[in-house]
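> Make a model of this:
(4 chains)
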Number of protein chains: 2
Amino acid sequence: MDAKRATIKDVAKAAGVGVATVSRVLSGGSASPRTRERVLAVAAQLDYRPSALGRNLRQRRTGGIGLLVPDLTDSLFGRLAEGVLACARSAGEPVVVGSTGDDPEQEAELIGMLLEQSVDRLIAVPSGDADAWGPAVKAGMTVVFADRLPSEAPGDDGDPGATADLMLLDGLAPAPVTRAADVPAVLADDRAGIRTAVRYLRGLGHRRIAFLGGPGHDRRVAAFREAVGAPVDEGLVVFATGSRDSAYAAASGLFQSRPDLTAVLAAGNVLGEAAVLAARELDLRVPRDVSLVMYDDVPWAELCAPPLTVIAQPARDIGYRAAELVLRSGSRRPRGVVLPTELIVRGSCGPRR
Amino acid sequence: MDAKRATIKDVAKAAGVGVATVSRVLSGGSASPRTRERVLAVAAQLDYRPSALGRNLRQRRTGGIGLLVPDLTDSLFGRLAEGVLACARSAGEPVVVGSTGDDPEQEAELIGMLLEQSVDRLIAVPSGDADAWGPAVKAGMTVVFADRLPSEAPGDDGDPGATADLMLLDGLAPAPVTRAADVPAVLADDRAGIRTAVRYLRGLGHRRIAFLGGPGHDRRVAAFREAVGAPVDEGLVVFATGSRDSAYAAASGLFQSRPDLTAVLAAGNVLGEAAVLAARELDLRVPRDVSLVMYDDVPWAELCAPPLTVIAQPARDIGYRAAELVLRSGSRRPRGVVLPTELIVRGSCGPRR
DNA sequence: CACTTTCGTGGATACGTTTTCAAGCATCTC
DNA sequence: GAGATGCTTGAAAACGTATCCACGAAAGTG
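Coordinates of the predicted model:
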């Protein structure tokens, strides 16, 4: 069998031209119509496909783009990844995907792997500190964060509010990106979403609203604190570590330690799922005993009993836009993009009992 | 800034040895303890990372593994992908992921892209014909199918029952894999799962059981036909095309055209979701008016009203095993692996009304 | 001590491509 | 018609690595 593929040399020889000419023809360079036609014909006949290996080595970079998400099992990241893949496919670029498990250590390991592969474009839902991304940006990678920003590095004491703030479009950044704080990001408008949800619950009469968060929900909890106002009841703010078990434990613990709460804002879909499960287990009725708003709309929210009131975020668009940003990074370098959220009222919220 | 990374030459020069020695030390070849130590020290100090580009070009293959799934938004494929990524990460291998959208054309395009990248190991949930995979196996790729087998090619008229049959472990295959029908696969035991579900519904008194399928559910519908016995009511077997809209339309159409059915077997989680939605829209009560079994267990099945009775399949394990197969493909070449399914009885099935 | 074997080592080559460079040739300008 | 200009073209270099091969030294054997 023809075990090995045809190389550019084979094409050149068969067409009676030099390899340079073949390369030019296939890369859209200039060539006389006559030779161009012949080269194209020979290439088609030999079923020649240029090897990405040779090309990448020559231009010292892998064309592809890297994608690091915490967990593909989470519908949010599945949709985000689908958006990235859609954009990358239309550009013909391969995507190398890694799943970090929300573990900074694994994240660092995967960054190293991508570096080794010379992947020079990276879309990441960060888990680790801001300085975990130092190696990546220092190596010249074009990095775009999606859905989250990395938490402030322990030692790094720059503008403390910078990463918590919403980022706004602005066309021109003066210096090349060298610090993690400078990398562009595509985010949902968490602050507006959370504020809307809190106001909605307030309007229903709720005063003791709990926040159920997970890893990477820093901006959301900050928005929550801002929305509820100055004296935040810290017992109503709990965090899980990312696994479904941990989410369930956190939700269950919250309901048991604070039977006085009347509403819960779950900061992600697995937390919302856990909250429903825990409430059911403790014989709390939704929405009679406790109201529930979930951040992130998922298909099953409508199937749930009762249907869940949610803050929808355009997860797929986030991925798509991030991919666009990372691909057309040559021209301008926008600081970031913020996509709108939407409160979808279903049946999981009621007036304070 | 140090824009470019250190190469093997830099290490060799700094350590006062030849590049061959550095390569050997880092690849685990033989070297004197003295030089080994020095090379290692210098490499660490220079933060040297061997470039996958150079290595891959030299040995004419990309280390990584390719993964082709229809849709990462579908929880099943998200879990499968997570399994693949887990196994690949432990082996230090990058994974290039593509989403085919269940479209043979896009699938072929993505196969071409992987070929161009010289990815020589591929895990695929196939959408297209068996002969769509000819180019891949002919190019020497190690291919493993997961969750499904490709449908029989129109022209290819080999043993017709071969792909529909369950595949059994067998240690040694005589010839190298050259035909798509010969590539190993990791599957759930669809036949047993479907049979169990049908028997369960039969035991509840149901006689008119409908099958709601989607793309790639050939083996499941075959198992369904086998389980219900000879005279299959074809009006009770409907197919959707993969999108959520199409699934909903199929489910709704089924309920409306055949009000006499008493039970539905949905062949995938998005079909199950659509069935619940359509039933609710038509004021059919589950399980009073219609019983429902869904193939594939998902976290929200428990949250649904009523909780869904499902056939669970180990999606994550399927991915993990497939990755194992594709990585340790050097030694034996098993024809395939079949993983068990489990009927989980919740609340969506009742006696025939 | 002469010989063979083993081991550690470094130079050179090849992998497939893109890109630079200079040369060849035809056309245009004065 | 001589020089300048433009276009097309192929040889060669480079990218970073793994591996073949030869060479020298050390160790083992008679």
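> What parts of the stretch 51-200 of chain A come near DNA strand C?
Residues of the stretch 51-200 of chain A lying close to DNA strand C by C-beta under 7 Å from any atom of the strand are A:51, A:53, A:54, A:55, A:57, A:58, A:59. Every residue, glycine included, has its C-beta placed from N, CA and C.
> Could you rerun that using 6 Å?
A:51, A:54, A:55, A:57, A:58, A:59 (C-beta under 6 Å from any atom of the strand).
> Just the buried subset of these, written out for PyMOL, thanks.
Command for PyMOL that selects the buried part of those, burial taken from 16 or more other C-beta atoms under 10 Å in any protein chain shown:
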select buried, chain A and resi 51+54+55+57
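> Which ones, among the residues of the stretch 51-200 of chain A next to DNA strand C, also lie beside DNA strand D?
Answer for those near DNA strand D (C-beta under 6 Å from any atom of the strand): A:57, A:58.
> with the residues of the stretch 51-200 of chain A next to DNA strand C in mind, which one is nearest to chain B?
residue A:57 (4.6 Å; C-beta to the nearest C-beta).
> and the closest one, what pLDDT?
We have a pLDDT of 93 for residue A:57.
> Please name the residues that touch it.
Residue A:57 sits next to B:53, B:54, B:57 when contact means C-beta atoms under 8 Å, 6 or more residues apart in numbering or on different chains.
> mind putting the residues you listed in CSV, secondary structure included?
Listed next are the contacts of residue A:57 as CSV, based on DSSP: H, G, I helix; E, B strand; the rest coil:
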residue, secondary structure
B:53, helix
B:54, helix
B:57, helix
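> Of the residues you listed, which is the nearest to DNA strand D?
Using C-beta to the nearest atom of the strand, residue B:54 comes nearest to DNA strand D of the contacts of residue A:57, at 2.6 Å.
> check contacts around that closest one.
With contact taken as C-beta under 8 Å, 6+ apart, residue B:54 is in contact with A:57, B:8.
> Could you export the helix-or-strand element of chain A with minimal mean pLDDT as PDB, CA atoms only?
None of the helices or strands of chain A scores lower by mean pLDDT, DSSP states H and E than helix A:134-138, at a mean of 87. Output of helix A:134-138 as PDB, limited to C-alpha atoms (Å, rounded to 0.1, in the frame of the first residue of the first chain):
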ATOM      1  CA  GLY A 134       3.200  34.400  33.200                       C
ATOM      2  CA  PRO A 135       5.000  31.600  31.400                       C
ATOM      3  CA  ALA A 136       2.300  31.600  28.600                       C
ATOM      4  CA  VAL A 137       2.300  35.400  27.900                       C
ATOM      5  CA  LYS A 138       6.000  35.600  28.300                       C
END
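> List the buried residues of that helix.
Of all the residues in helix A:134-138, those buried under the rule 16+ other C-beta under 10 Å are A:134, A:136, A:137.
> same thing with stretch A:312-328?
For stretch A:312-328, by 16+ other C-beta under 10 Å, it's A:312-327.
> What of stretch A:216-228?
A:216, A:217, A:218, A:219, A:220, A:221, A:222, A:223, A:224, A:227, A:228.
> for the stretch 1-150 of chain A, what spans make up the helices?
For the stretch 1-150 of chain A, the helices defined by DSSP state H, counting those that start in this stretch occupy A:8-15, A:19-27, A:33-46, A:52-58, A:75-91, A:104-116, A:134-138.
> interface residues of the stretch 51-200 of chain A facing DNA strand D?
Within the stretch 51-200 of chain A, the positions lying close to DNA strand D (C-beta under 6 Å from any atom of the strand) are A:57, A:58, A:60.
> end-to-end on stretch A:288-298?
23 Å (C-alpha to C-alpha, to the nearest Å).
> For that stretch, list every residue counted as buried.
Result for stretch A:288-298 [16+ other C-beta under 10 Å]: buried residues A:289, A:290, A:291, A:292, A:293, A:294, A:295, A:296, A:297, A:298.
> re earlier: and which of the buried residues of helix A:134-138 is nearest residue B:106?
residue A:136 (30.2 Å; C-beta to C-beta).
> The closest one and residue A:50, how far apart?
28 Å (C-beta to C-beta, to the nearest Å).
> Ok, residue A:336 next?
Taking C-beta to C-beta, one finds residue A:336 at 36 Å from residue A:50.
> next one: residue A:90
Distance, residue A:90 to residue A:50, by C-beta to C-beta: 20 Å.
> Of the two, which one has the most company?
Taking other C-beta atoms under 10 Å in any protein chain shown, residue A:90 and residue A:50 do not tie; residue A:50 has more neighbours (17 against 12).
> quick one: the more buried one and residue A:26 touch, right?
Yes: contact criterion C-beta atoms under 8 Å: residue A:50 and residue A:26 qualify, at 6.2 Å.
> what are the ranges of the strands in the stretch 151-300 of chain A?
Secondary structure of the stretch 151-300 of chain A by DSSP state E, counting those that start in this stretch: the strands cover A:185-188, A:209-213, A:237-239, A:263-266, A:291-295.
> Give me the distance from the first one to the chain's centre.
So the one you mean is strand A:185-188. The chain centroid and the centroid of strand A:185-188 are separated by 8 Å under C-alpha atoms, centre = their mean, to the nearest Å.
> Sheet partners, orientation included, of that strand?
Applying DSSP bridges, strand A:185-188 is found paired with strand A:142-146 (parallel), strand A:336-339 (parallel).
> picking that back up, can you tell me which of the strands of the stretch 151-300 of chain A is packed in deepest?
Ranked by mean neighbour count, these are led by strand A:263-266 with a mean of 30 (mean count of other C-beta atoms under 10 Å in any protein chain shown).
> what mean pLDDT would you report for that one?
98.
> buried ones in stretch A:346-353?
Using 16+ other C-beta under 10 Å as the test for burial, stretch A:346-353 gives A:346, A:348, A:349, A:350.
> Hmm, residue A:310 and the third one touching each other?
Okay, so that is residue A:349. No: in this structure residue A:349 lies outside contact range of residue A:310 using C-beta under 8 Å: 10.3 Å.
> list residues touching both of those two?
residue A:293.
> got a pLDDT number for the closest residue to DNA strand D within chain A?
For chain A, the residue closest to DNA strand D is residue A:18, as judged by C-beta to the nearest atom of the strand, at 2.6 Å. pLDDT for residue A:18: 92.
> Who is the residue nearest the centre of chain A paired with across the strands?
Nearest to the mean C-alpha position of chain A, by C-alpha atoms, centre = their mean, lies residue A:146 at 3.5 Å. Residue A:146 forms beta bridges with residue A:186, as assigned by DSSP bridges.
> Who are the contact partners of it?
A:80, A:123, A:124, A:125, A:185, A:186, A:187, A:318, A:319, A:322.
> need the contact list for residue A:122.
Applying C-beta under 8 Å, 6+ apart, the residues contacting residue A:122 are A:65, A:66, A:67, A:68, A:111, A:114, A:136, A:141, A:142, A:143, A:144, A:326.
> I'd say the fifth one and residue A:104 touch.
The reference is to residue A:111. No: contact criterion C-beta under 8 Å: residue A:111 and residue A:104 do not qualify, at 10.2 Å.
> Now for these two: what residues contact both?
Joint contacts of residue A:111 and residue A:104 (C-beta under 8 Å, 6+ apart) are residue A:132.
> So if I had to pick from those two, which one is more boxed in?
residue A:111 (26 against 17).
> Find the nearest non-adjacent residue to that one, please.
Leaving out its chain neighbours, the residue that sits closest to residue A:111 by C-beta to C-beta, 6 or more residues apart in numbering or on different chains is residue A:136, at 5.4 Å.
> what about the residue of chain A closest to DNA strand D, how many residues close to it?
13.
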